[in-house]
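Chemist: pasting the structure only:
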Ligand SMILES: [Zn+2]
């Protein structure tokens, strides 16, 4: 039978971490909340949040941090963990990375990526309302997800030989978007929307 820890990690979409426990609560307004206590596995501990390398621990004092995860059937879910600062030879003193979240994010990777995907199909205000976050927070989720998909924009033109150009309509044919793709890597190089003339 699957253990509760394995089940929780799979539902959260987290690898390289250990579940230490979970607490369920419900406030006076009936809002249900699940708090899952986790820690990175040894091999994922003390990593720089920017370059990912193992680093020396800067100080022993740890800070309890919290990340919002995707809801479970309408229940608010949070991950809590203690983090400490590391000293990266390249990036300096930073709070160590955790495998379930991007650098400087109060949300899990799954949350940031899901919010980003949803904006391709829904208005930003609908995404904010569904995920119970601020409208501006949706934009910050997109920024973090974009950094994950393409950390360095300048490399987009590297080894660009065969390109394809296409124009497709959206908003019921009232607007057009021009897309240039790299045929060798099957990735988008450039895109621009413009009104129909
Ligand atoms: Zn670093």
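Modeler: It's in. Worth saying up front: this structure is predicted, and the values here are computed from it rather than measured.
Chemist: What's the local residue count around residue 73?
Modeler: Neighbours of residue 73 under the rule other CB atoms under 10 Å: 6. For glycine as for every other residue, the C-beta is placed from the backbone atoms N, C-alpha and C.
Chemist: And the contacts of the helix ranked longest in the chain?
Modeler: Across the chain, the longest stretch assigned as helix under DSSP state H is helix 135-149. With CB atoms under 8 Å, 6 or more residues apart in numbering as the test, helix 135-149 has contacts from 102, 104-105, 107, 109, 111-113, 115-116, 119, 124-125, 127-128, 131, 133.
Chemist: Select from the residues you listed every entry located in helices.
Modeler: Assigned to helices by DSSP H, the following of these qualify: 109, 111-113, 115-116, 119, 124-125, 127-128, 131.
Chemist: returning to that earlier point: next secondary structure after the longest helix of the chain?
Modeler: strand 163-170 (DSSP states H and E).
Chemist: buried sites along whatever helix or strand comes next after that next one?
Modeler: Downstream of strand 163-170, the first helix or strand assigned by DSSP H and E is strand 175-182. The neighbour-count check on strand 175-182 (16 or more other CB atoms under 10 Å) flags 176, 181-182 as buried.
Chemist: Could you do stretch 40-51 as well?
Modeler: Buried, per 16+ other CB under 10 Å, within stretch 40-51: 40, 44-49.
Chemist: hmm, back to that, closest to the ion out of the buried residues of strand 175-182?
Modeler: residue 182 (29.1 Å; CB to the ion).
Chemist: What residues are bridge-paired with that closest one?
Modeler: residue 163, residue 187 (DSSP bridges).
Chemist: pull the longest strand from the protein.
Modeler: For the chain, the strand reaching the highest residue count under DSSP state E is reported as strand 56-72.
Chemist: Tell me which residues of it come out buried.
Modeler: Neighbour-count burial for strand 56-72 [16+ other CB under 10 Å]: 58, 67-70.
Chemist: who's in contact with the spatially most central residue of the chain?
Modeler: Nearest to the mean C-alpha position of the chain, by CA atoms, centre = their mean, lies residue 109 at 2.9 Å. Contacts for residue 109 (CB under 8 Å, 6+ apart) come out as 13, 100-102, 148.
Chemist: What is the burial count for the nearest residue to residue 125 once chain neighbours are set aside?
Modeler: Excluding its sequence neighbours, the residue lying closest to residue 125 (CB to CB, 6 or more residues apart in numbering) is residue 135, at 6.0 Å. For residue 135, the neighbour count with other CB under 10 Å is 11.
Chemist: again, but for residue 137
Modeler: Residue 137: 18 neighbours (other CB under 10 Å).
Chemist: residues from the protein in reach of the ion?
Modeler: Applying CB under 5 Å from the ion, we find that the chain lies next to the ion at 48, 50-51, 88, 90-91.
Chemist: Low-confidence bits of the protein, can you list those?
Modeler: 194-197 (pLDDT under 70).
Chemist: What are the structural domain limits within it?
Modeler: Per automatic domain parsing, the structural domains of the chain span 1-100, 104-151, 160-192.
Chemist: Ends of the last one, what's the gap?
Modeler: What it means is domain 160-192. Counting by CA to CA, to the nearest Å, you get 19 Å between the two ends of domain 160-192.
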